[in-house]
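Peer 1: below: sequence and its predicted model.
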Amino acid sequence: MEKLLTISVAAYNVEKYIEECLVSFINEAFINNIEVLIINDGSTDNTACISARYEEKYPGIFRLVNKKNGGHGSAVNCGISEAKGRYFKTVDGDDWVDTGALRELIDFIKVTDADVISTDYWWVDDKTYKKTKEIKNTFKGLKYRKKYKFDRVCSDIYINMHAMAIKTEKGNCKQLIDNLNAKYKIIDEENKKRSDEFEKLRNDFNKKDREFQEQKEEYIKFMGFQNNEFEKMKKNLDKNINENRKLKAKNDNYENQFHQLQNHMKVMKTQYDEMVSKYKYIKDENNK
């Protein structure tokens, strides 16, 4: 039976997780449609022993490939060279798959000829099992099970290697990966350029903001000085007004005293005029 999907499991010292990973591929509905390549990348723990048990129990499904340690990339490349399925997908040894989602992927492979199939996946905390969706940003109008031209959507969504199932027919799997990496490299360069431009704009803004803050502080200091001077002037003015009020009160008092004195002088003049008249009368009588 043709293998519709090769799943390459890059495994290095994952004895704690590998069994949970391998068990997730076992389902009677599709197990004969897949091959699982366990690429043991020179593990020094029991990863190879655990994997060998599954190879023995499920021949033709699981296959253990032992190699010298070369890192994750070399394990993926080894899986590509060993793959026999129509499509190729990579899973890490500390991952596992949702059986229902894997079954849906295989059913879709049966009816599609797309070069790349993109699927969602999640980060899962191995202690709390809290799930975080990895592919958070999608493009507007996205429809699942619809075919898109890669050049149209590659700048709108980053398809991680773990989210890909890549067509391997005619030995083009590695070429496809190289092409995807080349296109994403161009996108990364453009994003870096935009990021550098944004960083420059942000630095310019921060510089202007600092200048504005400095000017604002100078203005506040200046206005504070002006306010202090104004308060001093206001206090002096209030003091002068109070002194003027006191002087006016004194002046009003002097003016009242002056009027009283004038009235008194009038009375005295009247009395004097009366005395003069009496004296003149007496003098005139005596002269007779």
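Peer 2: Received the coordinates, thanks. Numbers count the residues shown, from 1 in each chain.

Peer 1: secondary structure of Lys146: a strand, I assume?
Peer 2: No - with the criterion set as DSSP: H, G, I helix; E, B strand; the rest coil, the secondary structure at Lys146 is coil rather than a strand.

Peer 1: below-threshold pLDDT in the stretch 1-150 of the chain: ranges please.
Peer 2: Low-confidence regions of the stretch 1-150 of the chain, defined by pLDDT under 70, span residues 1, 133-140.

Peer 1: for it, just list every one of the strands.
Peer 2: In the stretch 1-150 of the chain, the segments counted as strands under DSSP state E, counting those that start in this stretch are 5-11, 34-41, 62-67, 87-92, 116-118, 122-124, 131-133.

Peer 1: what's the answer for the stretch 151-288 of the chain, then?
Peer 2: 164-167.

Peer 1: shaky segments in it?
Peer 2: The model of the stretch 151-288 of the chain has pLDDT under 70 over residues 154-158, 169-191, 288.

Peer 1: rerun that using 50 as the cut-off
Peer 2: 170-171 (pLDDT under 50).

Peer 1: distance to His259 added to the strands of the stretch 1-150 of the chain, as a markdown table?
Peer 2: Glycine gets a C-beta too; all of them are placed from N, C-alpha and C. Formatted as a markdown table, the entries for these read as follows, by distance: least, CB to CB, whole Å:
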| stretch | distance to His259 |
| --- | --- |
| strand 5-11 | 117 |
| strand 34-41 | 120 |
| strand 62-67 | 126 |
| strand 87-92 | 113 |
| strand 116-118 | 109 |
| strand 122-124 | 102 |
| strand 131-133 | 99 |
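
Peer 1: which one of the ones you listed lies nearest to Gly79?
Peer 2: Closest approach to Gly79 among the strands of the stretch 1-150 of the chain is made by strand 5-11 (2.7 Å; CB to CB).

Peer 1: so how far is Leu201 from Arg194?
Peer 2: Using CB to CB, to the nearest Å, one gets 10 Å for the distance from Arg194 to Leu201.

Peer 1: over to Lys127?
Peer 2: Here the criterion is CB to CB. By it, Lys127 lies 41 Å from Leu201.

Peer 1: those two: who's more crowded?
Peer 2: Set side by side, Lys127 and Leu201 show more neighbours around Leu201, with 10 against 6, by other CB atoms under 10 Å.

Peer 1: what sits against the more buried one?
Peer 2: Taking CB atoms under 8 Å, 6 or more residues apart in numbering as the criterion, Leu201 is in contact with no other residue.

Peer 1: burial measure for Val267, as a count.
Peer 2: 10.

Peer 1: spatially, what comes nearest to Thr168 if we skip its sequence neighbours?
Peer 2: Closest residue to Thr168 apart from its sequence neighbours, by CB to CB, 6 or more residues apart in numbering: Phe88 at 4.9 Å.

Peer 1: for that neighbour, give the beta-bridge partners.
Peer 2: Judged by DSSP bridges, the bridge partners of Phe88 are Thr6, Ile166.

Peer 1: on that earlier part again, could you dump the strands of the stretch 1-150 of the chain to TSV with mean neighbour count and distance to Gly79?
Peer 2: As requested, the strands of the stretch 1-150 of the chain are exported to TSV (neighbours: other CB atoms under 10 Å; distance: least, CB to CB, whole Å):
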stretch	mean neighbour count	distance to Gly79
strand 5-11	26	3
strand 34-41	24	5
strand 62-67	18	8
strand 87-92	24	6
strand 116-118	18	17
strand 122-124	12	22
strand 131-133	10	26
